[in-house]
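[1] take this sequence and fold it.
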Amino acid sequence: MADDPVQTYGTHVRWFPPWHFFAMPVFTGNVVVRLFRLGEAPSLAAAWEALVAIALLTAFICARWMPLRLQDRLIRLEETVRLERLMPDRATDIEHLTMGQLIGLRFASDAELPHLLDRIKAGELVSRGDVKRAVQHWRADHARI
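    This is a model prediction of the structure:
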(Lines give C-alpha, C1' and ligand atoms only; values in the text may rest on other atoms or scores of the structure.)
Protein backbone atom coordinates (compact mmCIF):
# COMPACT_ATOMS: atom_id res chain seq x y z
CA MET A 1 0.00 0.00 0.00
CA ALA A 2 1.75 3.10 -1.22
CA ASP A 3 -0.11 5.48 1.10
CA ASP A 4 0.75 3.57 4.27
CA PRO A 5 3.47 5.06 6.45
CA VAL A 6 6.81 3.31 6.68
CA GLN A 7 6.81 0.81 9.51
CA THR A 8 9.78 0.07 11.79
CA TYR A 9 10.32 -1.68 15.11
CA GLY A 10 9.71 1.66 16.82
CA THR A 11 6.47 2.37 14.97
CA HIS A 12 4.91 -1.05 14.46
CA VAL A 13 2.81 -1.07 17.64
CA ARG A 14 -0.78 -0.57 16.66
CA TRP A 15 -2.95 1.64 18.85
CA PHE A 16 -6.69 1.59 18.29
CA PRO A 17 -7.88 4.76 20.09
CA PRO A 18 -11.50 3.71 20.75
CA TRP A 19 -10.19 0.54 22.39
CA HIS A 20 -7.00 1.67 24.11
CA PHE A 21 -7.94 5.21 25.11
CA PHE A 22 -11.68 5.02 25.71
CA ALA A 23 -13.23 1.58 26.29
CA MET A 24 -10.44 0.02 28.35
CA PRO A 25 -9.97 3.03 30.67
CA VAL A 26 -13.75 3.31 31.19
CA PHE A 27 -14.15 -0.39 32.03
CA THR A 28 -11.07 -0.32 34.28
CA GLY A 29 -12.31 2.85 36.00
CA ASN A 30 -15.70 1.23 36.51
CA VAL A 31 -14.05 -1.66 38.38
CA VAL A 32 -12.14 0.79 40.60
CA VAL A 33 -15.29 2.82 41.35
CA ARG A 34 -17.36 -0.29 42.11
CA LEU A 35 -14.68 -1.73 44.40
CA PHE A 36 -14.34 1.63 46.17
CA ARG A 37 -18.13 1.79 46.69
CA LEU A 38 -18.14 -1.77 47.98
CA GLY A 39 -15.46 -0.82 50.52
CA GLU A 40 -17.37 2.33 51.54
CA ALA A 41 -20.74 0.67 52.04
CA PRO A 42 -20.59 -3.11 51.87
CA SER A 43 -23.82 -4.68 50.72
CA LEU A 44 -24.99 -7.50 48.53
CA ALA A 45 -25.94 -5.02 45.79
CA ALA A 46 -22.52 -3.30 45.93
CA ALA A 47 -20.78 -6.69 45.83
CA TRP A 48 -22.88 -7.69 42.82
CA GLU A 49 -22.05 -4.42 41.01
CA ALA A 50 -18.34 -4.95 41.69
CA LEU A 51 -18.55 -8.54 40.45
CA VAL A 52 -20.36 -7.46 37.26
CA ALA A 53 -17.78 -4.71 36.68
CA ILE A 54 -14.95 -7.24 37.03
CA ALA A 55 -16.77 -9.67 34.70
CA LEU A 56 -17.27 -6.94 32.08
CA LEU A 57 -13.60 -5.97 32.20
CA THR A 58 -12.58 -9.63 31.99
CA ALA A 59 -14.90 -10.22 29.02
CA PHE A 60 -13.56 -7.11 27.32
CA ILE A 61 -9.95 -8.20 27.78
CA CYS A 62 -10.79 -11.69 26.48
CA ALA A 63 -12.54 -10.16 23.47
CA ARG A 64 -9.19 -8.61 22.56
CA TRP A 65 -6.98 -11.53 23.63
CA MET A 66 -8.75 -14.28 21.67
CA PRO A 67 -8.39 -12.69 18.20
CA LEU A 68 -4.74 -11.90 18.96
CA ARG A 69 -4.07 -15.57 19.75
CA LEU A 70 -5.78 -16.56 16.50
CA GLN A 71 -3.71 -13.98 14.63
CA ASP A 72 -0.55 -15.45 16.20
CA ARG A 73 -1.52 -18.94 15.00
CA LEU A 74 -2.13 -17.64 11.48
CA ILE A 75 1.21 -15.83 11.50
CA ARG A 76 2.92 -19.04 12.66
CA LEU A 77 1.38 -20.93 9.73
CA GLU A 78 2.12 -18.14 7.25
CA GLU A 79 5.75 -17.80 8.33
CA THR A 80 6.35 -21.55 8.46
CA VAL A 81 5.13 -21.87 4.88
CA ARG A 82 7.21 -18.84 3.83
CA LEU A 83 10.38 -20.16 5.46
CA GLU A 84 9.92 -23.66 4.06
CA ARG A 85 9.41 -22.18 0.59
CA LEU A 86 12.47 -19.93 0.82
CA MET A 87 14.77 -22.36 2.67
CA PRO A 88 13.62 -25.95 2.10
CA ASP A 89 17.03 -27.22 3.22
CA ARG A 90 16.51 -25.69 6.71
CA ALA A 91 13.32 -27.60 7.63
CA THR A 92 14.81 -28.90 10.90
CA ASP A 93 15.79 -25.39 12.01
CA ILE A 94 12.37 -24.05 11.07
CA GLU A 95 10.45 -26.64 13.05
CA HIS A 96 12.39 -25.72 16.22
CA LEU A 97 11.37 -22.05 16.10
CA THR A 98 9.09 -20.82 18.86
CA MET A 99 5.83 -19.01 18.18
CA GLY A 100 7.45 -15.73 19.27
CA GLN A 101 10.44 -16.19 16.97
CA LEU A 102 8.16 -16.93 14.00
CA ILE A 103 6.09 -13.85 14.79
CA GLY A 104 9.24 -11.75 14.97
CA LEU A 105 10.46 -13.12 11.64
CA ARG A 106 7.31 -12.00 9.85
CA PHE A 107 8.72 -8.49 9.69
CA ALA A 108 12.02 -9.57 8.09
CA SER A 109 12.73 -9.33 4.39
CA ASP A 110 13.25 -12.58 2.51
CA ALA A 111 16.93 -11.78 2.01
CA GLU A 112 17.75 -11.50 5.71
CA LEU A 113 15.86 -14.61 6.86
CA PRO A 114 18.81 -17.05 6.57
CA HIS A 115 21.03 -14.79 8.70
CA LEU A 116 18.32 -14.31 11.32
CA LEU A 117 17.65 -18.05 11.39
CA ASP A 118 21.38 -18.63 12.01
CA ARG A 119 21.31 -16.14 14.89
CA ILE A 120 18.24 -17.81 16.39
CA LYS A 121 19.87 -21.23 16.08
CA ALA A 122 23.01 -19.87 17.78
CA GLY A 123 20.88 -18.65 20.70
CA GLU A 124 21.45 -14.93 20.05
CA LEU A 125 17.78 -14.18 19.37
CA VAL A 126 15.46 -15.82 21.84
CA SER A 127 12.30 -13.73 22.14
CA ARG A 128 9.91 -12.13 19.69
CA GLY A 129 11.33 -8.74 20.64
CA ASP A 130 14.92 -9.90 20.09
CA VAL A 131 14.04 -11.04 16.57
CA LYS A 132 12.11 -7.86 15.74
CA ARG A 133 14.95 -5.64 16.95
CA ALA A 134 17.41 -7.61 14.76
CA VAL A 135 15.40 -7.03 11.58
CA GLN A 136 17.24 -4.58 9.32
CA HIS A 137 14.87 -4.45 6.34
CA TRP A 138 11.38 -4.18 7.81
CA ARG A 139 8.47 -5.80 5.99
CA ALA A 140 5.46 -3.78 7.11
CA ASP A 141 2.22 -5.40 8.24
CA HIS A 142 -0.61 -2.87 8.26
CA ALA A 143 -3.39 -5.46 8.22
CA ARG A 144 -2.91 -6.96 11.67
CA ILE A 145 -5.45 -6.81 14.47
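
[2] all contacts plus neighbour counts: C-alpha atoms, from now on.
    OK.

[3] now the helix or strand harbouring Pro67, how far from the chain's geometric center?
    For Pro67, the element it lies in under DSSP states H and E is helix 44-86. A distance of 10 Å separates the centroid of the chain from that of helix 44-86, by CA atoms, centre = their mean, to the nearest Å.

[4] go on, stretch 137-145?
    Offset of stretch 137-145 from its chain centre (CA atoms, centre = their mean): 12 Å.

[5] residues in contact with Ala47?
    Counting by CA atoms under 8 Å, 6 or more residues apart in numbering, Ala47 touches Leu35, Leu38.

[6] any idea how far it lies from Ile75?
    Here the criterion is CA to CA, to the nearest Å. By it, Ala47 lies 42 Å from Ile75.

[7] with Asp118 instead?
    Separation of Asp118 from Ile75 (CA to CA): 20 Å.

[8] number of nearby residues for the nearest residue to Ala50 once chain neighbours are set aside?
    In space, and not counting its chain neighbours, Ala50 is closest to Arg34: 4.8 Å by CA to CA, 6 or more residues apart in numbering. Neighbourhood size, Arg34 [other CA atoms under 10 Å]: 20.

[9] what strand or helix carries Arg34?
    Per DSSP H and E: Arg34 is located in helix 24-40.

[10] who touches that helix?
    By CA under 8 Å, 6+ apart, helix 24-40 touches Ala46, Ala47, Glu49, Ala50, Ala53, Ile54, Leu56, Leu57, Phe60.

[11] now the angle from the helix holding Pro67 to helix 24-40?
    With axes from the mean of the first three to the mean of the last three CA atoms, to 10 degrees as the basis, helix 44-86 and helix 24-40 are set at 150 degrees to each other.
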